[in-house]
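Asks: This is the structure alone, sequence omitted:
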């Protein structure tokens with residue numbers, strides 16, 4: 001039997017989604033051309049690579065949304081978080097291979113902070129705005145679990161930071177401590193994941209909309225988005241250094257803001273849309289699963305994977321970012337721990353990220 005034409009395979013997409021898909025494909029091609037062509041501005045290459053990275057994240061998010069529509073709500077959130085973090089994984093990996101440790105550290109940290117502050121803040125604003133009493137209500141279990149995982153990851157980061165500042169003997173064994181800590185955190189994450197997936201969903205849980213694409217098409221989007229993420233991440237890192245010098249921006253700002261927003265804000269715009277539609281639990285799940293997975297799975301996994309790259313990633317961070325991580329844990333717990341949030345609290349999360357981005361710009 002002949003393969004179905006592309007028009008048929010993509011018939012489940014809206015007109016806007018098809019246009020965006022075409023634009024993303026064009027951005028990826030142009031980013032590849034500017035990477036290898038001579039005489040083209042590195043700033044232009046960086047801009048195109050950034051747009052292509054955001055586009056690849058969008059394709060992965062679209063594919064996971066369609067695959068997730070065939071799963072339960074808990075598995076949907078985990079699937080979206082796992083596959084949606086592919087762009088961040090590749091960016092950090094290529095940054096480490098290129099010796100850009102600061103970019104790698106701030107990119108992984110920025111992924112946590114963008115989701116926990118900026119994206120979550122916008123989700124809460126969108127969800128609370130539509131409610132008559134101005135309060136977005138959701139099940140508090142996942143937010144509390146996410147805060148616990150975030151604090152567990154922060155624990156080793158704070159200990160290493162204190163050891164460094166005091167000059168303790170432990171400060172000379174950061175690599176070993178990071179490896180042991182990474183394994184321990186991964187075990188904790190696996191334990192939580194098993195409990196999360198085997199627990200019954202809340203009565204008001206919503207599995208999300210029915211899938212509009214076939215399994216084959218959804219899988220093709222995931223593969224295409226994943227492959228594009230790998231190539232574009234390499235092009236992005238290649239253009240990053242000359243762009244930093246040309247535009248006089250700091251490496252922490254590039255990793256914490258530009259990379260993190262390109263790989264996360266577009267990907268999790270679906271959470272904002274869900275919140276605006278009144279699907280509070282699913283909206284919170286999309287964002288919170290990503291935060292917990294980056295902090296307790298992706299970060300420690302990259303610490304172990306980095307042993308095979310040119311630069312080793314550890315849990316040793318600058319004091320300002322340790323403070324940002326702890327502050328984020330406390331703010332997120334205080335705002336979402338009771339299962340409800342207001343527009344004011346969502347705006348506070350966004351403001352916290354703006355302040356952090358400003359600090360990173362001068363680092």
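Replies: Cool, the structure landed. Computed from a prediction, not measured in an experiment: that's the story for all the values here.
Asks: mind listing the strands for the stretch 251-363 of the chain?
Replies: 340-342 (DSSP state E, counting those that start in this stretch).
Asks: quick one: low-confidence parts of it?
Replies: Applying pLDDT under 70 to the stretch 251-363 of the chain flags the ranges 263-268.
Asks: One more: the stretch 101-250 of the chain?
Replies: Those would be 200-211, if you go by pLDDT under 70 across the stretch 101-250 of the chain.
Asks: Next, please give the residue ranges for the helices of it.
Replies: 101-113, 120-129, 141-166, 174-198, 215-247 (DSSP state H, counting those that start in this stretch).
Asks: Quick one: closest of these to residue 269.
Replies: With CB to CB as the measure, helix 120-129 is the member of the helices of the stretch 101-250 of the chain nearest residue 269 (8.6 Å). Just so you know, the C-beta spots here come from the backbone N, C-alpha and C atoms, and that holds for glycine as well.
Asks: So which other helices or strands are in contact with the closest one?
Replies: strand 135-137, helix 269-276, helix 280-293, helix 319-336, strand 340-342, helix 343-361 (3 or more CB pairs under 8 Å, 6 or more residues apart in numbering; DSSP states H and E).
Asks: which one of those is the most hemmed in?
Replies: Of all those, helix 280-293 carries the top mean neighbour count, a mean of 28, counting by mean count of other CB atoms under 10 Å.
Asks: what is the orientation angle of that one with helix 269-276?
Replies: Going by axes from the mean of the first three to the mean of the last three CA atoms, to 10 degrees, helix 280-293 is angled at 150 degrees with respect to helix 269-276.
Asks: on that earlier part again, using CSV, lay out the helices of the stretch 101-250 of the chain together with mean neighbour count and distance to residue 306.
Replies: Converted to CSV, those look like this (neighbours: other CB atoms under 10 Å; distance: least, CB to CB, whole Å):
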stretch, mean neighbour count, distance to residue 306
helix 101-113, 27, 8
helix 120-129, 26, 28
helix 141-166, 19, 15
helix 174-198, 16, 9
helix 215-247, 20, 15
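Asks: want to throw these into JSON lines with distance to residue 43?
Replies: Listed next are these as JSON lines, based on distance: least, CB to CB, whole Å:
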{"stretch": "helix 101-113", "distance to residue 43": "17"}
{"stretch": "helix 120-129", "distance to residue 43": "28"}
{"stretch": "helix 141-166", "distance to residue 43": "33"}
{"stretch": "helix 174-198", "distance to residue 43": "35"}
{"stretch": "helix 215-247", "distance to residue 43": "5"}
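Asks: do you know which of those lies nearest residue 44?
Replies: Nearest to residue 44, of the helices of the stretch 101-250 of the chain and by CB to CB, is helix 215-247 at 8.7 Å.
Asks: and the closest one, how far from the chain's centre?
Replies: Distance of helix 215-247 from its chain centroid, counting by CA atoms, centre = their mean, to the nearest Å, is 14 Å.
Asks: repeat for stretch 304-314
Replies: 20 Å.
Asks: Also stretch 184-194?
Replies: 19 Å.
Asks: now swap in stretch 163-177 and tell me
Replies: Worked out by CA atoms, centre = their mean, stretch 163-177 lies 29 Å from the chain centre.
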